[in-house]
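[1] With the sequence up front, the predicted model follows.
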Amino acid sequence: MNIIIVKDFEEMSRKAAHLFVAQLLNKPDSVLGLATGSTPLGLYRELVAFCNQGMISFDKVVSFNLDEYIGLEPDHPQSYSHFMEQELFSRVDIRPENTFIPSGISKDVEAECKGYDKRIAAYGGIDLQVLGIGRNGHIGFNEPDLKFEARTHVVQLDEQTIRDNARFFKEIGDVPRRAISMGIKTIMQSRQIVLLASGKEKAEAIEKMLNGNITPEVPASVLQLHPNATAIIDLAAASLLDLQQIGEEYQTAAPKAAQTRKDDEDVGFVQEEDSQPPSGHGRGSRPHHGGA
Ligand SMILES: N[C@@H]1[C@@H](O)[C@H](O)[C@@H](COP(=O)(O)O)O[C@@H]1O
C-alpha cells in the first residue's frame with residue numbers, strides 16, 4: 001500500500017484531487033467509485049474547481065457510490081443521494097443517468113444489491129475508488145465482523161457508527177439502523193483505491209489498518225492486499241504511526257499505473273462472468289437543490 005502523509009485536510013484533499021484529475025485526463029470515460037462523509041468534502045470541492053476551470057469534464061464519467069441508508073428517500077436531506085447531489089453532481093457536468101447510488105427505498109433490497117454489483121461489472125468495473133474510514137475501521141458501511149462480506153449487501157450499522165453519524169441528524173433516534181453497502185470484494189475489484197483519513201479520531205483505525213493483522217474485525221485492513229491502493233493521511237490521523245518506519249518501509253511516491261484485468265485475476269478479484277452490457281440508467285432526473 002502506498003502511504004502519503006500530508007500536513008492537513010486541505011493537503012489531503014488536494015493530493016486526492018490530483019489522482020482523480022490524472023485519472024480523468026487519462027480516461028475521460030472513467031468509472032469512479034465515490035464516498036460520502038465529511039472526509040471527501042474537500043476532494044469534491046477541488047474537483048468542482050478543476051471542472052469549472054475546464055481542466056476536467058465529467059461528461060463521460062460513470063459513478064457508483066459506496067452505500068446508502070435503508071429507509072431514506074433520495075431527496076431526504078441526510079440520504080447519501082442528496083449529499084452527492086449537493087456536494088458534487090449538481091456542481092459538475094456529470095450526467096444524472098450515469099450516477100448510481102444503491103436505492104435505500106427499494107422494495108426488494110436483495111435484488112437491489114445483486115443488481116448493483118452486476119451493473120458495476122457491466123460498466124467494466126471501477127477505475128478509481130475513493131474511501132473514507134470509520135473510527136472502527138469500516139470502509140463503505142462494511143462494519144467489523146467475523147468474516148468479510150464479499151458483495152453489495154444489507155448491513156446492520158454498529159452502535160459506534162450510529163453515534164458517529166448522529167451529528168448529521170436531528171437526534172440519534174433518526175439515524176437509520178440499516179444500510180446497503182458495496183462489499184469488500186466489490187471494493188477490492190477497483191483498479192485503484194485511494195483511502196483518505198483526517199483528524200485524530202481516525203488515528204487508531206489508521207494504525208490498525210496499516211500495522212495490524214488483515215482481519216474482518218478491521219475491514220480497512222484488507223486494503224493491505226490491494227495491488228494499487230494509496231492511503232493519504234494527515235498528521236493528526238497519522239499520530240499513532242511511526243513516521244520514520246513509514247519512510248523506510250512504504251513508498252510515498254505516486255501510485256502505480258492502473259492494473260490490468262490480468263493483474264486483477266492474479267489476486268483473485270475477478271469480475272462476474274454473468275455481467276450484462278449496460279442497459280439500465282442511473283438515477284435519472286436530478287432533484288434540483290439550487291446549489292451554487
Ligand atoms: N458510510 C460512510 C463511510 O463511507 C465514511 O467513510 C464514514 C466516515 O465518515 P467521515 O468522513 O464523516 O468521518 O462515514 C460513513 O459511515
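    Great, that's in hand. Residues are numbered from 1 along each chain as shown.

[2] Below-threshold pLDDT in the chain: ranges please.
    Counting by pLDDT under 70, the chain shows low-confidence ranges at 248-292.

[3] Next to the ligand, which bits of it? Give me the list.
    Proximity of the chain to the ligand (CB under 6 Å from any ligand atom) is limited to residues 35-39, 66-67, 132-134, 140-141, 161, 165. No exception for glycine: its C-beta is placed from N, CA and C like everyone else's.

[4] at 8 Å what do you get?
    Taking CB under 8 Å from any ligand atom, the part of the chain that reaches the ligand is made up of 35-40, 66-67, 80, 131-135, 138-141, 157, 161, 164-165, 179, 181, 196, 198-199, 201-202.

[5] what does stretch 20-27 rub up against?
    Here stretch 20-27 makes contact (CB atoms under 8 Å, 6 or more residues apart in numbering) with 30, 32, 43, 47, 50, 55-58, 61, 127-128, 130, 192.

[6] mind saving the C-alpha coords of that stretch as PDB?
    Extracted C-alpha coordinates of stretch 20-27, given in PDB (Å, rounded to 0.1, in the frame of the first residue of the first chain):
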ATOM      1  CA  PHE A  20      -8.700  12.000  -9.800                       C
ATOM      2  CA  VAL A  21      -7.700  14.600 -12.300                       C
ATOM      3  CA  ALA A  22      -4.900  12.400 -13.600                       C
ATOM      4  CA  GLN A  23      -7.400   9.500 -13.900                       C
ATOM      5  CA  LEU A  24      -9.900  11.700 -15.900                       C
ATOM      6  CA  LEU A  25      -7.200  13.100 -18.200                       C
ATOM      7  CA  ASN A  26      -6.100   9.600 -19.000                       C
ATOM      8  CA  LYS A  27      -9.500   8.200 -19.300                       C
END
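
[7] buried residues in it?
    Buried residues in stretch 20-27, counting neighbours by 16 or more other CB atoms under 10 Å, are found at 20-21, 23-24.

[8] Just give me the closest of those to the ligand.
    If you rank those by distance to the ligand using CB to the nearest ligand atom, F20 comes first, at 16.7 Å.

[9] Buried subset of the contacts of stretch 20-27 as a ChimeraX selection?
    Buried subset of the contacts of stretch 20-27, written as a ChimeraX selection, criterion 16+ other CB under 10 Å:
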select :30,32,43,47,50,56,58,61,127,128,130,192
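
[10] Pipe the contacts of stretch 20-27 into TSV and attach distance to D242 and secondary structure per row.
    Output for the contacts of stretch 20-27, formatted as TSV (distance: CB to CB, whole Å; DSSP: H, G, I helix; E, B strand; the rest coil):
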residue	distance to D242	secondary structure
S30	35	coil
L32	33	strand
L43	27	helix
L47	33	helix
F50	35	helix
M55	37	coil
I56	37	coil
S57	42	coil
F58	39	coil
V61	38	coil
D127	33	coil
L128	29	strand
V130	26	strand
Q192	26	strand
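
[11] Pick out whichever of the contacts of stretch 20-27 sits closest to the ligand.
    Of all the contacts of stretch 20-27, the ligand sits closest to V130, with 9.3 Å by CB to the nearest ligand atom.

[12] still on that earlier bit, with secondary structure as new columns, can the buried residues of stretch 20-27 be given to me in CSV?
    Shown next, in CSV, are these (DSSP: H, G, I helix; E, B strand; the rest coil):
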residue, secondary structure
F20, helix
V21, helix
Q23, helix
L24, helix
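
[13] where do the strands sit along the stretch 1-150 of the chain?
    Secondary structure of the stretch 1-150 of the chain (DSSP state E, counting those that start in this stretch): strands located at 2-6, 31-34, 62-65, 67-69, 99-100, 128-131.
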